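Colleague: pasting the structure only:
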């Protein structure tokens, strides 16, 4: 990775520059010419094609979409986008500042009429236009929208100015960016795979410890529960309701929501992130809250209902600093004096397996009854504490590696975006290194 960073600083600048007159472009090479958006792209007339599968934009690529989830009457209105044509998602620019909204399609699909479909002019390199659109998206397009949900149309963007290098230079820049971003993407994929492996290892370490203990030589017995298998001979199989209580969260109305200093914080699914509490999306309510629904140190807050099935069961443990708040109706709290050990069970494959057995294809919900009925293998309290200490040590080491890889991915993405920007705005000259 360090070799890649070193190669980024080798570039020279162009011999001379002039002011582009456009803030997001800044100064551009003097020989680049001015061109309007509508001179580079043609707005394609909406064309239906019932033979094609549905598609959409995802992370800067056109991808297939599940046809079965789209009503026939909706699909009938979809417009065609073909391989080699461009797609822009112009909707809700102020609500989503991270998604990549432009793509050069490699598929033949139909997409929502909300999208803008473009064809590149034949005298401009199509691959260069792809990178130019990327920069237009991340640096400028969100400033053009109108309305509460900030949307643009072709008229809004058609008169925007680009600065265009000569055709051969377009090809050179596009080829360079193809190669350089491919290298960065490979590094991102490797770090992403490493994170997946670390998460798998983390869960395996937890699952082994909470079902078999730390002593590999201990005598084992059949637990009598298929998914538990054998457990240490001195452990017991218990349902969670026999060691604590699952409590459904607070129900409140929109009229109860107040400013931060006027009410009580109510934890929701969005506050549960990465096994801990995240306070970036808070809701406060001013209403009578039963004492039972006020969190205590040691409580485990669990996402019990969510539109996304994979988020059911995510959880966090309340510590002394975070006690004294409430939790919403789409969450539950498990309360017991053995929660340090239970917390690791709830973050093991055992919990994921059991919770999956009780959810249907139509309802993503983990009820308090289901939670109370969960079966676990329970060691004596002293052994629980040893296991908790061991798992804290092991998971902290793994989490540190995950954090390191996550930061590396963020840095790679920043470098990727900066490189694209520098190339298509002429801040660096890659003609001799491409």
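Modeller: Looks like it came in fine. Keep in mind it's a predicted model, so treat the numbers as computed, not measured.
Colleague: ok, longest helix in this structure?
Modeller: helix 167-212 (DSSP state H).
Colleague: tell me the SS of residue 136?
Modeller: The local conformation at residue 136, judged by DSSP: H, G, I helix; E, B strand; the rest coil, is helix.
Colleague: Domain-wise, how is this structure divided?
Modeller: Per automatic domain parsing, the structural domains of the chain span 1-21+169-200+382-434, 33-164, 214-378.
Colleague: what's the closest of those to residue 206?
Modeller: domain 214-378 (4.7 Å; C-beta to C-beta). For every residue, glycine as well, the C-beta is placed using N, CA and C.
Colleague: so what's the residue in the chain sticking out farthest from the centre closest to, chain neighbours aside?
Modeller: In the chain, residue 219 marks the outermost C-alpha relative to the chain mean, sitting 43.7 Å out by C-alpha atoms, centre = their mean. Excluding the flanking residues, the one nearest residue 219 by C-beta to C-beta, 6 or more residues apart in numbering is residue 233, at 4.4 Å.
Colleague: just the strands in the stretch 1-150 of the chain please.
Modeller: With DSSP state E, counting those that start in this stretch as the criterion, the stretch 1-150 of the chain has strands at 17-19, 27-29, 33-36, 41-43, 55-58, 61-64, 79-81, 86-88, 102-104, 109-111, 116-120.
Colleague: So what touches the longest one?
Modeller: With C-beta atoms under 8 Å, 6 or more residues apart in numbering as the test, strand 116-120 has contacts from 40-44, 46, 79-81, 84-88, 90, 111, 126, 129, 153-154.
Colleague: let's see 6 Å
Modeller: Residues outside strand 116-120 that contact it (C-beta atoms under 6 Å, 6 or more residues apart in numbering) are 41-42, 44, 81, 85-86, 88, 90, 126, 129, 154.
Colleague: Redo these as TSV? Include pLDDT and distance to residue 335.
Modeller: Formatted as TSV, these follow (pLDDT from 0 to 100; distance: C-beta to C-beta, whole Å):
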residue	pLDDT	distance to residue 335
41	96	59
42	95	63
44	92	59
81	95	53
85	96	57
86	96	55
88	94	50
90	88	48
126	96	60
129	97	58
154	92	57
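Colleague: Which helix or strand contains the nearest residue to residue 227 once chain neighbours are set aside?
Modeller: Spatial nearest neighbour of residue 227, excluding adjacent residues (C-beta to C-beta, 6+ apart): residue 353 at 5.5 Å. Of the helices and strands defined by DSSP states H and E, residue 353 is found in helix 349-358.
Colleague: What pLDDT is listed against the residue lying closest to residue 132 once chain neighbours are set aside?
Modeller: Closest residue to residue 132 apart from its sequence neighbours, by C-beta to C-beta, 6+ apart: residue 424 at 5.0 Å. We have a pLDDT of 96 for residue 424.
Colleague: What are the buried residues along stretch 186-202?
Modeller: 187-188, 191, 194-195, 198, 202 (16 or more other C-beta atoms under 10 Å).
Colleague: Kindly report the same for stretch 226-241.
Modeller: 228, 231-232, 235, 240-241.
Colleague: Name whatever forms a beta bridge with the nearest residue to residue 220 once chain neighbours are set aside.
Modeller: In space, residue 220 comes closest to residue 230 once its chain neighbours are excluded; the distance is 4.2 Å by C-beta to C-beta, 6+ apart. As for beta bridges, residue 230 partners with residue 222 under DSSP bridges.
Colleague: Quickly note the distance from residue 230 to residue 377.
Modeller: 10 Å (C-beta to C-beta, to the nearest Å).
Colleague: so where's the stretch 101-250 of the chain shaky on pLDDT?
Modeller: The model of the stretch 101-250 of the chain has pLDDT under 70 over residues 146-149.
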